[in-house]
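[1] Pasting a predicted model and its sequence here:
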Amino acid sequence: MVVVRDATLDELDLLVRIDLEDEGVTPGYRGTWGEEQAEAHRGLIRSFVIDRGAHVAEAGGAPVGAILWRARSLETVEEWSVFRRLDAGIFPPDGRFAEIFQLWVDPAQRRRGIGTTLKRAVETAAGSRAIGMIYTHTEERNQHVLAFNHKLGYREVRRGPIWDDVIRVSLVKHLR
């Protein structure tokens, strides 16, 4: 049986490793990081655990999946962010949304509903905070991830590069 719970700081190394592996993502800038950038990244992941949103899926006492997310507001996102390139009409009237930062399921545990369970945990947590929309994106070449998101009710709202030349697909799901 899979249980989803809040992540703890004891799992920080696991969450950092998962994010740095960037499975399913075109290799990029992270391989050139120095010690300072790596430590800043660790701080970012730590912030998800402390105050933004980090959940771990466990089976038999071992982590088999994780999701990192954060509450955002259209009013406070950076001018250069992808959110400024989206049609403002897709956002809830209050501009609040949840951004999924990372979703990972152990390769040996895939296609068992763990990813769905983790996404639903974020939807529940966001809904309890009166957040009306979830945002996520993936590379265009990840057709299985796109199909997974569509199955869960996410719809495509943008296709194009974000921070490099790789084509990414932005998807949203309205919760209310």
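    That came through fine.

[2] Would you map the helices across the chain?
    Here the chain has its helices, by DSSP state H, at 12-21, 35-47, 114-128, 143-151.

[3] The ones you listed: which one's closest to Q102?
    helix 12-21 (5.2 Å; CB to CB). Bear in mind the C-beta positions are built from the backbone N, C-alpha and C, glycine included.

[4] for that closest one, packing partners?
    For helix 12-21, the elements it packs on are helix 35-47, strand 62-73, strand 96-105, judged by 3 or more CB pairs under 8 Å, 6 or more residues apart in numbering; DSSP states H and E.

[5] before we move on, back to that, let's have the helices of the chain in a markdown table, adding mean neighbour count.
    A markdown table is the format used below for the helices of the chain (neighbours: other CB atoms under 10 Å):
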| stretch | mean neighbour count |
| --- | --- |
| helix 12-21 | 16 |
| helix 35-47 | 13 |
| helix 114-128 | 18 |
| helix 143-151 | 15 |
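
[6] Indicate which one of those helices is closest to G65.
    Here helix 114-128 is closest among the helices of the chain (CB to CB), at 4.3 Å.

[7] can you pull the pLDDT of the nearest residue to G53 once chain neighbours are set aside?
    Spatial nearest neighbour of G53, excluding adjacent residues (CB to CB, 6 or more residues apart in numbering): W69 at 4.2 Å. Per-residue pLDDT puts W69 at 96.

[8] just to revisit the earlier point, possible to save the helices and strands packed on helix 12-21 as TSV with distance to A126?
    As requested, the helices and strands packed on helix 12-21 are exported to TSV (distance: least, CB to CB, whole Å):
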stretch	distance to A126
helix 35-47	17
strand 62-73	7
strand 96-105	4
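
[9] And the ones you listed, which one averages the lowest pLDDT?
    Looking at the helices and strands packed on helix 12-21, the weakest mean confidence is helix 35-47, a mean of 87.
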